[in-house]
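Undergrad: could you look at this predicted model? Sequence included:
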Amino acid sequence: MRDGRITITQFIIEEQRRIKDATGDFTSLLNDIVTACKEISNLVNHGDLIGVLGQAGTENVQGEDQKKLDIITNDVFLRSNEWSGHLAAMASEEMEEISHIPSQYPRGKYLLTFDPLDGSSNTDVNVSVGTIFSILRCQGDCQNPATGDFLQPGTEQVCAGYALYGPSTMMVLTTGNGVNGFTLDQNIGEFILTHPNLTIPESTQEFAINASKMRFWEPPVKRYVDECLSGSAGDRDEDFNMRWIASMVAEVHRILIRGGIFLYPLDEKMKANGGTGKLRLMYEANPMSFIVEQAGGMSSTGRERIMTIQPDGLHQRVPVILGSKQEVERVVDYHKQHDADAAA
Ligand SMILES: O=P(O)(O)OC[C@H]1O[C@](O)(COP(=O)(O)O)[C@@H](O)[C@@H]1O
Ligand SMILES: [Mg+2]
Ligand SMILES: [Mg+2]
């Protein structure tokens, strides 16, 4: 741009020039995703002015009540990405099965998973929400993709990103070469590079967890949070602050900017109902873990690195503990100690 600012399109193209044999497919796919996020930003921003708030009256595969915006944003993502010829198929939080590319369009070599609207319990109360996405290569038959083609560990991701619809609309991306943030300039409708090379501070005094679940937490999590709450009056040398926005995108974004630790652990109530966590591996935990690790942070279930989990289902749920390395390592240690004592 004349004033030296870099648009997301220019940034992506320059990134791709680094890659030998880059065909431009990936760049074009990312541009379609960027367009979808711009459209969603506009919808979220207009809210009740265009009647998109409130319940849809339907349930998704997770058994959750869908918001109107869950369904509308899912449709925006499908329509924006199905025609390009770069995708073999898509998968979403809001669809039980994978979505095949309509026969009138060519199929390509990539797979796209997405959470079209993250933090949807916040839509009606005007609190930040987002969109999360992850791109994989289709390792199987791209002309006849199946669910199994999606079930690749997070380490296989080609790209992960999110859009945050807050006071300003931002996009944050990684293609495995660091993490960069872009802000939507509403005047020209372009995302501009404003946060190059985002890095998560190793230490922090800020934790985020839904404390209403405290009585169900496993001992390692209970111990960690208790210590944070006791602060310098307890075993920790400093005092801690707490945050909970109930939008994973907004929590992760805060952590990318100023550090912190985010926990949505497995708890006794979930276990009693045969649950394995709250957040979904394929379109929440894996893309956010890729971004957090690329920014120098750490992401774990408490017992294993999330990115190396072999997925066994499109909507599989996992415990998520991510953020500043020193704090995540501490929580992982507490799990190790607890499990070792329990096994002894
Ligand atoms: O309402 P709770 O239990 O605090 O859960 C909040 C969590 O649930 C989520 O809203 C789940 O995501 P969706 O809104 O996409 O279903 C996360 O963004 C957030 O971290
Ligand atoms: Mg979500
Ligand atoms: Mg969602």
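TA: That came through, no problem. Residues are numbered from 1 along each chain as shown. Ligands and ions are numbered 1, 2, ... in the order given.
Undergrad: interface residues of the stretch 1-150 of the chain facing ligand 2?
TA: Listed as neighbours of ligand 2 in the stretch 1-150 of the chain under the rule C-beta under 5 Å from the ion: Asp115, Asp118. All C-beta spots, glycine's among them, are computed from the backbone N, C-alpha and C.
Undergrad: tell me how far stretch 69-87 lies from the chain's centre.
TA: Once both centres are worked out by C-alpha atoms, centre = their mean, to the nearest Å, stretch 69-87 turns out to sit 17 Å from its chain's centre.
Undergrad: tell me if that stretch is near ligand 1.
TA: No. Stretch 69-87 lies apart from ligand 1 when judged by C-beta under 6 Å from any ligand atom; the minimum separation is 7.6 Å.
Undergrad: that stretch close to ligand 3?
TA: No. Stretch 69-87 does not reach ligand 3 (C-beta under 5 Å from the ion); its nearest approach is 6.0 Å.
Undergrad: now do that stretch, average pLDDT.
TA: In this model, stretch 69-87 carries a mean pLDDT of 97.
Undergrad: CA atoms only: put it into PDB for me.
TA: Output of stretch 69-87 as PDB, limited to C-alpha atoms (Å, rounded to 0.1, in the frame of the first residue of the first chain):
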ATOM      1  CA  LEU A  69     -25.700 -16.900  14.000                       C
ATOM      2  CA  ASP A  70     -24.200 -20.400  14.500                       C
ATOM      3  CA  ILE A  71     -26.200 -21.500  11.400                       C
ATOM      4  CA  ILE A  72     -25.800 -18.300   9.400                       C
ATOM      5  CA  THR A  73     -22.000 -18.200   9.900                       C
ATOM      6  CA  ASN A  74     -21.800 -21.900   9.000                       C
ATOM      7  CA  ASP A  75     -23.500 -21.200   5.800                       C
ATOM      8  CA  VAL A  76     -21.300 -18.200   5.000                       C
ATOM      9  CA  PHE A  77     -18.200 -20.400   5.500                       C
ATOM     10  CA  LEU A  78     -19.600 -23.100   3.200                       C
ATOM     11  CA  ARG A  79     -20.700 -20.800   0.500                       C
ATOM     12  CA  SER A  80     -17.400 -18.800   0.500                       C
ATOM     13  CA  ASN A  81     -15.200 -21.900   0.300                       C
ATOM     14  CA  GLU A  82     -17.100 -24.500  -1.800                       C
ATOM     15  CA  TRP A  83     -16.600 -23.100  -5.300                       C
ATOM     16  CA  SER A  84     -12.800 -22.400  -5.300                       C
ATOM     17  CA  GLY A  85     -11.600 -25.800  -6.500                       C
ATOM     18  CA  HIS A  86      -9.000 -25.900  -3.600                       C
ATOM     19  CA  LEU A  87     -11.000 -28.100  -1.200                       C
END
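Undergrad: quick check: buried residues in it?
TA: 69-74, 76-78, 80-82, 84, 86-87 (16 or more other C-beta atoms under 10 Å).
Undergrad: just stretch 15-25 next, same as before
TA: Buried positions in stretch 15-25, judged by neighbour count with 16+ other C-beta under 10 Å: Glu15, Gln16, Asp25.
Undergrad: just flag the most distant two among the buried residues of stretch 69-87.
TA: Maximum pairwise distance among the buried residues of stretch 69-87 (C-beta to C-beta): 25.9 Å, between Leu69 and His86.
Undergrad: on that earlier part again, wait, which of the buried residues of stretch 69-87 is closest to ligand 3?
TA: Nearest to ligand 3 out of the buried residues of stretch 69-87 is Asp70 (C-beta to the ion; 6.0 Å).
Undergrad: is any residue of stretch 160-175 near ligand 2?
TA: No. Applying C-beta under 5 Å from the ion, one finds stretch 160-175 separated from ligand 2 by no less than 9.9 Å.
Undergrad: coming back round to it: restricted to strands, list the buried residues of stretch 69-87.
TA: If you go by DSSP state E, the buried residues of stretch 69-87 have Leu87 in strands.
Undergrad: narrow the buried residues of stretch 69-87 to those in helices?
TA: By the criterion of DSSP state H, membership of the buried residues of stretch 69-87 in helices covers Leu69, Asp70, Ile71, Ile72, Thr73, Asn74, Val76, Phe77, Leu78, Ser80, Asn81.
Undergrad: what's the end-to-end length of stretch 41-51?
TA: One end of stretch 41-51 sits 15 Å from the other (C-alpha to C-alpha, to the nearest Å).
Undergrad: what about that stretch, average pLDDT?
TA: Mean predicted lDDT for stretch 41-51 stands at 97.
Undergrad: which SS class is Ala285?
TA: Following DSSP: H, G, I helix; E, B strand; the rest coil, Ala285 is assigned to helix.
Undergrad: Pro311: neighbour count?
TA: 19 (other C-beta atoms under 10 Å).
Undergrad: next up, phi/psi of it, please.
TA: phi -60, psi 150 (degrees, to the nearest 10).
Undergrad: now the nearest residue to it once chain neighbours are set aside: how far from ligand 3?
TA: Among residues not flanking Pro311 along the chain, Leu151 sits closest, at 4.3 Å (C-beta to C-beta, 6 or more residues apart in numbering). Distance of Leu151 to ligand 3, computed by C-beta to the ion, to the nearest Å: 20 Å.
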